[in-house]
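**Q** sequence? don't have it. structure:
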Ligand SMILES: Nc1ncnc2c1ncn2[C@@H]1O[C@H](COP(=O)(O)OP(=O)(O)OP(=O)(O)O)[C@@H](O)[C@H]1O
């Protein structure tokens, strides 16, 4: 850095600001901001970077910058963004900034045609260019390719994934309806797996790996979607500004009157599984008028509809029905899906109260009689059997003289609530599995030569209050980051060394310690949590204390009171922990961790649904009751770890033969983000 030349120095909200160095200390520099002459501030030496001569000039590839550092990269992307150029390369990596509005012609058919067969760098950076490179590499190398889409929630991952799919099917499809089906499958998956969160009105609450398969002539022959880890807790509860999965509202707003009556649907605030969250529909001024008043919640009537250019519950219902038809679902199958969704809603309305007898058990409240009846009818269950299974649990004795005897244990109100919610989660998540399976049957292929895969998992999340869901999602993102570190940073550097290139070592933060903290056997947070779940009387406090005790002085873990945010400092040591992730520090509040980590459905309920009179419900639960797991559960009862499922899933990454990294990142600075950010050097 030369005397008098502008530099980038830290700024509390903008990331960096331009200034000049006026004094040099031992480890800090005195900076005079260009915008506030006469005022100075101190900045650590390692956070001050040289600036380009012309800070308003931008380049298509960050590698062409004279000085490439955090600040110049950010500035280049920002200058481009202000000119509606949302894509920028870092060599093979594409950075995308979410514009949150339609940029004219950016994704038009003309644009698709322009990018076909063109090398990276010959046209402006674009997600189409990346898709085409994947295609050409697949063709030349005769190897499957994968694109990883990464970024925090709301950054635009799913939208860019869809652009890649559309590009490939439009450019290299056979013109048959298989191409259309691949694209049409999205609205259906989104209806069942996406929801409004505080960050994103259309947030994907599941991860997916979409494969587009090509034949030996490199034409699209079919597709396959692998999905994992649907966020189940959302089915029963959402925070006040969030919603359950879109399908619930779309059905309430858009279902034709006969279906509405048949499935006993009404406004979202009449269902417990929706009423604790936001109960407003997405609608425009015009479409809002078309939704009947009796379908709207009090909140909707008072505050009006939610607005989003891409979402409209009533219209989306109709579009979804068209999409279902296009991908080959007949009317019966369509009604099966809606019926189960409605059944889950009625199940949620079943309430319990103490039985008032010596058994210590509970009964279903009288006022829940209709919910019980509707639920039983829609899920093909016997009403009395459902009543008994929700309020008691069948167990097989595993020891003593009467080994193998069936005993019926009455449930307390709290236990019955948990059993009801576990059933709702099991039914809905199996329905979601079915939707994905059904979608996959719509673009079948006998054989394929290669595929291009796109990995889109839920993005890194950090809120003021973070719970088990954020913990699992962020852990997955930590694994993805590690994969990126390994493949891009470590392997590239090893290659430079092997080839004798005198390139300076690029230092990066290895996040293995953070991953170990979560997943190590016995001492990792996930195993500690599983251990807690197996205790006779598990508690969130005891779990949290164990985490802190086992990891005193761990660099990545600390107590909430050490947070820079007041709101976290109020959280007691046994109520939470802070993890320093690769993307920033997140404070997790551990209330409900134990409950949310348990996916178990007790035996009586599992048998009940597996033997439903309704063929569709029976099929959803096929194989589950006969499994060894289920039999074991009958005796021991009963814990199935949710967290550990997250541990297994990132193995999908080993599917990736070769990849390009698409990084989408919202540039809007978040105050939380800045406060929580932990610098690389600690
Ligand atoms: N290229 C784009 N052009 C216009 N709007 C966009 C673009 N990308 C994203 N958006 C807008 O941003 C919203 C959020 O994008 P998206 O759902 O793709 O985020 P995400 O990264 O997948 O988030 P999550 O991890 O929560 O699923 C979209 O619903 C859309 O309104």
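**A** Sure, I can see it. As the structure is a computational prediction, the values presented were derived from the model and not from experiment. Residues are numbered from 1 along each chain as shown.
**Q** CA only for contacts and neighbour counts going forward, please
**A** Will do.
**Q** surely residue 577 meets residue 560?
**A** Yes - counting by C-alpha atoms under 8 Å, residue 560 is a contact partner of residue 577 at 5.4 Å.
**Q** show me the common contact partners of the two, please.
**A** Common contact partners of residue 577 and residue 560 (C-alpha atoms under 8 Å, 6 or more residues apart in numbering): residue 587.
**Q** which other residues reach stretch 564-584?
**A** 460, 464, 474, 478, 481, 509, 511, 514, 540-542, 544-545, 548, 555-563, 585-591, 673, 675-678.
**Q** centroid residue for this protein?
**A** By C-alpha atoms, centre = their mean, the chain has its centre lying nearest to residue 458, at 2.6 Å.
**Q** tell me the SS of that one?
**A** coil (DSSP: H, G, I helix; E, B strand; the rest coil).
**Q** so which residues on the chain come close to the ligand?
**A** The chain has residues 98-102, 152-159, 200, 202-204, 458-459 near the ligand, with proximity defined as C-alpha under 6 Å from any ligand atom.
**Q** contacts only, for the residue nearest to the centre of the chain.
**A** 152-153, 203-207, 473.
**Q** go through the longest helix seen in the chain and flag the buried ones.
**A** If you go by DSSP state H, the chain has its longest helix at helix 413-442. Within helix 413-442, the residues that count as buried by 16 or more other C-alpha atoms under 10 Å are 413, 415-433, 435-436, 438-440, 442.
**Q** try stretch 523-531
**A** For stretch 523-531, by 16+ other C-alpha under 10 Å, it's 523-530.
**Q** looking at those residues, spot the one nearest residue 601.
**A** Taking C-alpha to C-alpha as the measure, residue 601 sits nearest to residue 530 out of these, at 16.2 Å.
**Q** what about the closest one, helix or strand, and which?
**A** Counting by DSSP states H and E, the element that carries residue 530 is helix 525-534.
**Q** from the contact counts, what lies against the next helix-or-strand element following that helix?
**A** Later in the chain than helix 525-534, the nearest helix or strand by DSSP H and E is helix 540-550. In terms of contacts (3 or more C-alpha pairs under 8 Å, 6 or more residues apart in numbering; DSSP states H and E), helix 540-550 is packed against helix 525-534, strand 576-581.
**Q** could you give the separation of the shortest one from the chain centroid?
**A** Averaging C-alpha positions (C-alpha atoms, centre = their mean, to the nearest Å) puts strand 576-581 19 Å from its chain's average.
**Q** how about the contacts made by residue 181?
**A** Residues near residue 181 by C-alpha under 8 Å, 6+ apart: 326-327, 442-443.
**Q** can you state the direction angle for the host helix or strand of it and helix 413-442?
**A** Assigned by DSSP H and E, residue 181 falls within helix 177-193. Per axes from the mean of the first three to the mean of the last three C-alpha atoms, to 10 degrees, the angle that helix 177-193 makes with helix 413-442 is 170 degrees.
**Q** what's the average pLDDT for helix 177-193?
**A** Mean per-residue pLDDT for helix 177-193: 85.
**Q** over to stretch 392-412?
**A** 72.
**Q** what does whichever strand or helix holds residue 258 contact?
**A** Assigned by DSSP H and E, residue 258 falls within helix 257-262. For helix 257-262, contacts defined as C-alpha under 8 Å, 6+ apart pick out 252, 266.
**Q** quick revisit: could the contacts of residue 181 be laid out in a markdown table, adding pLDDT?
**A** Listed next are the contacts of residue 181 as a markdown table, based on pLDDT from 0 to 100:
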| residue | pLDDT |
| --- | --- |
| 326 | 85 |
| 327 | 83 |
| 442 | 86 |
| 443 | 83 |
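**Q** now do residue 25 against residue 148, distance only.
**A** Per C-alpha to C-alpha, to the nearest Å, residue 25 is found 43 Å from residue 148.
**Q** neighbour count for these two, which is higher?
**A** For residue 25 versus residue 148, the count of surrounding residues by other C-alpha atoms under 10 Å is larger for residue 148: 23 against 11.
**Q** assumed the more buried one was part of a strand.
**A** Yes - secondary structure of residue 148 (three-state DSSP): part of a strand.
**Q** how close does it get to residue 428?
**A** Distance from residue 148 to residue 428, by C-alpha to C-alpha: 28 Å.
**Q** on that earlier part again, can you put the helices and strands packed on helix 540-550 in JSON lines and add mean pLDDT?
**A** Putting these into JSON lines (pLDDT from 0 to 100) gives the following:
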{"stretch": "helix 525-534", "mean pLDDT": "93"}
{"stretch": "strand 576-581", "mean pLDDT": "96"}
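**Q** number of residues surrounding residue 38?
**A** There are 8 residues near residue 38, going by other C-alpha under 10 Å.
**Q** show me where the stretch 351-500 of the chain has strands.
**A** Secondary structure of the stretch 351-500 of the chain (DSSP state E, counting those that start in this stretch): strands at 352-354, 362-364, 392-396, 406-410, 450-456.
**Q** same check on the stretch 501-650 of the chain?
**A** Under DSSP E, counting those that start in this stretch, the stretch 501-650 of the chain gives strands at 557-558, 576-581, 584-589.
**Q** run the chain-centre distance for the helix or strand harbouring residue 333.
**A** Residue 333 belongs to helix 331-348 when elements are defined using DSSP H and E. Here helix 331-348 is found 24 Å from its chain centre; the criterion is C-alpha atoms, centre = their mean.
**Q** what average pLDDT does that helix get?
**A** Summarised as a single mean, pLDDT over helix 331-348 is 97.
**Q** show me which positions of the helix or strand where residue 159 lies end up buried.
**A** Element membership of residue 159, judged by DSSP H and E, is helix 157-172. By neighbour count on 16+ other C-alpha under 10 Å, the buried set for helix 157-172 is 157-158, 160-172.
**Q** what sits opposite residue 222 in the beta ladder?
**A** Listed beta-bridge partners, residue 222: residue 213 (assigned using DSSP bridges).
**Q** how about the stretch 1-150 of the chain: which residue is closest to the ligand?
**A** At 4.0 Å from the ligand, residue 100 is the closest residue in the stretch 1-150 of the chain, using C-alpha to the nearest ligand atom.
**Q** per-residue confidence for the closest residue to residue 112 other than its chain neighbours?
**A** Leaving aside its chain neighbours, residue 112 sits nearest to residue 167 (6.3 Å; criterion: C-alpha to C-alpha, 6 or more residues apart in numbering). The confidence metric pLDDT takes the value 95 at residue 167.
**Q** still on that earlier bit, okay, the angle between the longest helix of the chain and strand 406-410?
**A** 110 degrees.
**Q** could you say what helices and strands helix 413-442 packs with?
**A** Helix 413-442 sits against helix 177-193, strand 220-228, helix 233-236, helix 331-348, strand 352-354, strand 362-364, helix 383-391, helix 615-620, with contacts defined as 3+ C-alpha pairs under 8 Å, 6+ apart.
**Q** now find how far off-centre the third one is within its chain.
**A** What it means is helix 233-236. The chain centroid and the centroid of helix 233-236 are separated by 14 Å, computed with C-alpha atoms, centre = their mean.
**Q** which elements pack onto it?
**A** Against helix 233-236 (3+ C-alpha pairs under 8 Å, 6+ apart) you get helix 272-275, helix 413-442.
**Q** quick one: name whatever helix or strand follows the shortest one.
**A** Next helix or strand after helix 272-275 toward the C-terminus (DSSP H and E): helix 285-290.
**Q** contacting residues around that following helix?
**A** For helix 285-290, contacts defined as C-alpha under 8 Å, 6+ apart pick out 305, 312, 314-315.
**Q** as a markdown table, the residues you listed with pLDDT would be great.
**A** Putting these into a markdown table (pLDDT from 0 to 100) gives the following:
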| residue | pLDDT |
| --- | --- |
| 305 | 98 |
| 312 | 97 |
| 314 | 96 |
| 315 | 95 |
